[in-house]
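Student: mind folding the following:
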Amino acid sequence: MQKQIKSALISVFYKDNLENIVKKLGEQGVTIYSTGGTQQFIEDLGVKCVAVEDLTAYPSILGGRVKTLHPKVFGGILARRENPQDLEQLQQYAIPELDLVIVDLYPFEETVKSTNVEQTIIEKIDIGGISLIRAGAKNYKDVVIVASKDQYSDLEQVLNNGGATSIEERRTFAAKAFEVCANYDVAISQYFLNNEPAAYFQVSAPQGQIMRYGENPHQKGVFYGNLSEIFNKLHGKELSYNNLVDVDAACQLIQEFTETTFAVIKHTNVCGIASRPTLKAAWDGALAGDKESAFGGVLVTNAVIDKATAESISEIFFEILIAPGFDADALTVLQAKKNRILLQQLQPVKAPYVYKNVLNGVLLQENDKGNYQEWNDAGARPATAAERADLEFANLVCKHLKSNAIALVKDKQLIGKGCGQTSRIDSLRHAIAKAAQFNFDLKGAAMASDAFFPFDDCVRIAHEEGITAVIQPGGSVRDNDSVEFCKQHGMVMVMTGTRHFRH
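Tutor: The predicted model follows:
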């Protein structure tokens, strides 16, 4: 059933893009009610407006905390037009029907980001606005509810078509309104929880961005988040679902390193990484680690891209390059191919929790922070300074490989890795094969394992290949088998007490 908008209540924080709507309502003879700054905005446009205070016979009180919380406002929104008793009460108490409610809530999330002053944050918890939204959405059969400035364009289209709405349109507005309420309440709840896990699964994220498709073309995909907070996209096509998954893995990895480091990511696993005094040398080391897998990969670094490095990178095909900055001449080189995605990373990825849907619920865990809990030299000797540097490097790399994971490192360069295998020994064999494929000498290399060795077979094979130092969390009932082997063969064995499973 079509319903014509004859009256409206407008109470908004942001007035951007509201001018055309107000003027159109005035032209169509709609009676407008408003408060405070919104009322002044409407009247400055030359459009007549009734003050809510005149309707309720109460002024705005408590420093503006109470303006619209009154039966003459909520009665006009919640009255069921098909219910004779409701209509009689409207007439009895001189309550006008309200056909349109436009609300834009106090910017709570923006305030939390801009200040730590609790009183300022608390005052940006909207009470009247959220109540108006819920009331309008509940009575969608009779009321159009616009709950955010993001919906102004939708309302403007309605008004351009004469100002009448169908029940389907009003229900759509109501659905969006309840989404706004849910997102707002979750943001407030998370603030009060101070990032502690909630009793209920709660996620507050910006409006979803429709992807071309999900992981595969037959799957739908949506991204909920604000990429512009983290990246300035300088060049290239739109990011896909799989791109975003790899970009996240790349950013999570690179922020572990403080030295100049370059890494190559493929299907969320690092296939090449190196730390070097110069960026070009770091890139050369990362690429050399697995030139084959680097094809079509996601590249990431923690240093500004210079022209020499850009020219070298441009010799291979890659999907995405992420860096904190790009020299102007480097950007010119990299922009030569239109589909390459160039992302300037503006800030670290802050992800205190990891979510995963399983069965009929959701798993939540803290993000895996840090490198190791302890450094226990349990082998034949303590690690040398060079070995320790490689062991720490290898352990961080291993942390970002899918389990079961083995990382082989020499001179802060990944020279072999095995990941996602069903046995640890298979991962080691795969890592050794990768090193051999690209002619790396494993003599003096370091080996990291994301979890303990259940037997001494891995350290035996490592010794046969010339690997001299091993790092692992420990915790197996047969730890001593591996430890004793290392002691007997002059190998370093470091126990960290920190497992880094990644499923």
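Student: how many neighbours does Q345 have?
Tutor: Residues lying near Q345 (other CB atoms under 10 Å) number 21. Using the backbone N, CA and C atoms, a C-beta is placed for each residue, glycine as well.
Student: retrieve the pLDDT associated with the most far-flung residue of the chain relative to its centre.
Tutor: The outermost residue of the chain relative to its centre, with distances by CA atoms, centre = their mean, is Q92 at 52.2 Å. In this model, Q92 is scored at 92, pLDDT.
Student: that one and L331, how far apart?
Tutor: Taken as CB to CB, to the nearest Å, the spacing of Q92 relative to L331 amounts to 70 Å.
Student: repeat for I341
Tutor: Distance, I341 to L331, using CB to CB: 13 Å.
Student: what touches both of these two?
Tutor: Residues touching both I341 and L331 (CB atoms under 8 Å, 6 or more residues apart in numbering) are H235.
Student: more crowded one of the two?
Tutor: Per other CB under 10 Å, whichever of I341 and L331 has more neighbours is I341, with 21 against 17.
Student: quick check: that one touching L239?
Tutor: Yes: in this structure, I341 is within contact of L239 by CB atoms under 8 Å, at 6.5 Å.
Student: spit out the residues that contact these two alike.
Tutor: Applying CB under 8 Å, 6+ apart, one finds that I341 and L239 are jointly contacted by K233, I320.
Student: which parts of the stretch 401-503 of the chain are helices?
Tutor: Assigned by DSSP state H, counting those that start in this stretch, the helices in the stretch 401-503 of the chain fall at 424-437, 457-464, 479-488.
Student: make TSV out of those helices and add mean pLDDT.
Tutor: Formatted as TSV, the helices of the stretch 401-503 of the chain follow (pLDDT from 0 to 100):
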stretch	mean pLDDT
helix 424-437	96
helix 457-464	96
helix 479-488	95
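Student: and stretch 492-499, average pLDDT?
Tutor: 96.
Student: which residues are contacting that stretch?
Tutor: 370-383, 387, 391, 395, 450-452, 459, 468-475, 479, 482-483, 486-487.
Student: now the buried members of those.
Tutor: Neighbour counting with 16 or more other CB atoms under 10 Å marks 371-372, 375, 378-380, 383, 387, 391, 395, 450-452, 459, 468-474, 479, 482-483, 486 as buried within the contacts of stretch 492-499.
Student: residues in contact with Q472?
Tutor: Contact analysis of Q472 by CB under 8 Å, 6+ apart lists A448, S449, A451, F452, F453, S482, M493, V494, M495, T496.
Student: mind giving me CSV with those residues and columns for distance to G36?
Tutor: As requested, the contacts of Q472 are exported to CSV (distance: CB to CB, whole Å):
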residue, distance to G36
A448, 61
S449, 63
A451, 60
F452, 64
F453, 68
S482, 72
M493, 70
V494, 65
M495, 65
T496, 59
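Student: one step back: residues touching the residue farthest from the centre of the chain, list them.
Tutor: Contact criterion CB under 8 Å, 6+ apart gives no residues in contact with Q92.
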